[in-house]
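*Asks:* Give me coordinates for this.
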Amino acid sequence: MSDPTNCQHFGICGGCTLLKTKYASQIKSKEAVLEKLFQSYRKITIHPMLSSPEPFFYRHKVQMPFGRRKIGHKTLVTIGLHDIDKKFIVDQAECKIQDPGLTKAAQAIRHWARKENLNPYNEKTGWGLLRHVVLRKSHSTGEILVGIVTSEENWPRQKDVSKSLFSHLRDALGKNGSLGKMVGIVQNTNTRKTNMVIGKETNLLWGRPYLIEKIGNYQFKVGINTFIQVNPFQIPTLYNLVADHIPANANVLDTYAGMGTIGIWISKQAKQVICIEENPDSFRAGIDSTRMNHIKNVKMKRGRTADILPELLSEGNVDVLILDPPRIGVDEKSLFAINDSPPNKIIYVSCDPSTLQRDLGILSKSFFLTDIYPVDLFPQTNHIESVAILEKKNKESL
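*Replies:* All right, here's what the predicted structure looks like:
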């Protein structure tokens, strides 16, 4: 087997900057970052980082822009990640952190785009058809979902070009299913001049618009625009850390909930879980998930956390609050609402320790930070996932 740390794009591609660093050293370095950031908190325990059982080929979601490369008078379509300086698209020939089946699918899509003479989108001019490739694979079933994000809903020869896409993908993935089984191809239309990847309209080109993923004993329908952690080898580890801190028969409020994966995971021990989710696709997937798994005590609420959280907290029925925000952290309105009506406990699932530190600075008015549990969801990169535990201060401490 070839050396997984030997990638022809290393040093140019911005995808994984730690590929040449020994994995044990990566773990120590990330632990040191957390120790430094939270050194002012005297009574906390920063636990050893839980390493990934699979440090390579673990990514089961790929989101890459189309680009272009000029060779003489000819322009070739490229697919890959931005370079380190974000000046061009690295034309991906291999990747040592994403699932091999998804790499093979991306290569087939590039070949298809070149053969059909399709133009990549230019963010500066707003011209061109192909914007992004979004690929997902189920770790449990091997199902692959393919998404092509375009700047227009319709284009010339669309039906024939779509059939050609299917043929390229089918031939690349093969019939034996060793690289995965393609179950759907969708086209998402994003007409806005924005760096946001996914647009509002998604059309099914072939198959079905979702794959089935299993986490533990639970099943979930995953589309191209629904959130699920990209490293399936670490999902149970992460979710069990959350579950370990949920008291029996607790009323739980789960914010930025996605399709309710954490809420469903903890449903057996909680009395009730209310999941807040803004994204309409994830919200609908959450409702489907509760029905598929026959979960009666998990309820989905659609809307912004900042709009729904204050009212639910003010009712005084929340025992545990789960915060699982995007990389930018928790919005200020929600943080102030939490301080105004503090629950007994907060479990903060963070994918950026710097925004975690910022938010905990505000929440320290009403809470003690007791523990931080790091989980390495992103080997070969500098990204750090962690679970922070906060306990409400008593009146004498305020």
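
*Asks:* Which strands or helices does the host helix or strand of residue 204 pack on?
*Replies:* Assignment of secondary structure by DSSP states H and E places residue 204 within strand 201-207. With contacts taken as 3 or more C-beta pairs under 8 Å, 6 or more residues apart in numbering; DSSP states H and E, strand 201-207 sits against helix 158-173, strand 181-189. (Each C-beta comes from the backbone N, C-alpha and C, glycine too.)

*Asks:* Pull the residues that contact it.
*Replies:* Under the criterion C-beta atoms under 8 Å, 6 or more residues apart in numbering, residues 147, 153, 162, 165-166, 182-189, 209, 223-225 lie in contact with strand 201-207.

*Asks:* okay, the helices and strands packed on strand 201-207 in TSV with mean neighbour count next?
*Replies:* What follows is those, written out as TSV (neighbours: other C-beta atoms under 10 Å):
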stretch	mean neighbour count
helix 158-173	16
strand 181-189	21
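
*Asks:* In CSV: those, plus mean pLDDT.
*Replies:* Listed next are these as CSV, based on pLDDT from 0 to 100:
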stretch, mean pLDDT
helix 158-173, 95
strand 181-189, 97
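
*Asks:* Using a markdown table, lay out these together with distance to residue 394.
*Replies:* Below are the helices and strands packed on strand 201-207 laid out as a markdown table (distance: least, C-beta to C-beta, whole Å):
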| stretch | distance to residue 394 |
| --- | --- |
| helix 158-173 | 58 |
| strand 181-189 | 50 |
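
*Asks:* For residue 255, which of these is the nearest?
*Replies:* Nearest to residue 255 among the helices and strands packed on strand 201-207 is strand 181-189; the distance by C-beta to C-beta comes to 26.1 Å.

*Asks:* re the thing from before, just checking: what are the partner strands of the helix or strand that the strand holding residue 204 is followed by?
*Replies:* Tracing the chain C-terminally past strand 201-207 and defining elements by DSSP H and E, one meets strand 211-215 next. Strands that pair with strand 211-215, judged by DSSP bridges, come out as strand 218-222 (antiparallel).

*Asks:* contacts for the partner strand?
*Replies:* Outside of strand 218-222, the residues within contact range by C-beta under 8 Å, 6+ apart are 136, 138, 145, 210-214, 228, 259, 261, 264-265, 285, 288-289, 292-293.

*Asks:* Please repeat the previous calculation with a cut-off of 10 Å.
*Replies:* For strand 218-222, the external contacting residues (C-beta atoms under 10 Å, 6 or more residues apart in numbering) are 60-61, 136-138, 140-141, 143, 145, 208-214, 226, 228, 239, 258-261, 264-265, 267, 282, 284-286, 288-289, 292-293, 295.

*Asks:* hang on, the earlier thing: what distance separates the strand holding residue 204 from the centre of its chain?
*Replies:* Distance, stretch centre to chain centre, for strand 201-207: 21 Å (C-alpha atoms, centre = their mean, to the nearest Å).

*Asks:* Can you mark which positions in that strand are buried?
*Replies:* Judged by neighbour count using 16 or more other C-beta atoms under 10 Å, the buried positions of strand 201-207 are 202, 205-207.

*Asks:* same question, stretch 68-78
*Replies:* Residues of stretch 68-78 classed as buried under the neighbour-count rule (16+ other C-beta under 10 Å) are 68, 77-78.

*Asks:* Which of the contacts of strand 218-222 are buried, as a ChimeraX select command?
*Replies:* Written as a ChimeraX command, the selection of buried residues from the contacts of strand 218-222, which uses 16+ other C-beta under 10 Å, is:
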select :60,61,136,137,138,143,145,209,210,211,212,213,226,228,239,258,259,260,261,264,265,267,282,284,285,286,288,289,295
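
*Asks:* so of the contacts of strand 218-222, which ones are in helices?
*Replies:* Secondary structure from DSSP state H places 239, 261, 264-265, 282, 284-286, 288-289, 292 of the contacts of strand 218-222 in helices.

*Asks:* Name the spans of the stretch 1-150 of the chain whose pLDDT lies under the cut-off.
*Replies:* Along the stretch 1-150 of the chain, segments meeting pLDDT under 70 span 1.

*Asks:* Revised request: answer the last question for the stretch 251-398 of the chain.
*Replies:* Under the criterion of pLDDT under 70, the regions of the stretch 251-398 of the chain flagged as low confidence span 395-398.

*Asks:* Helices of that one, start to end?
*Replies:* 261-265, 280-292, 305-314, 332-340, 353-363 (DSSP state H, counting those that start in this stretch).

*Asks:* List the buried residues of the helix or strand hosting residue 28.
*Replies:* Take DSSP H and E as the rule and residue 28 turns out to sit in helix 23-37. Neighbour-count burial for helix 23-37, counted by 16+ other C-beta under 10 Å, picks out 23, 26-27, 30-31, 34, 37.
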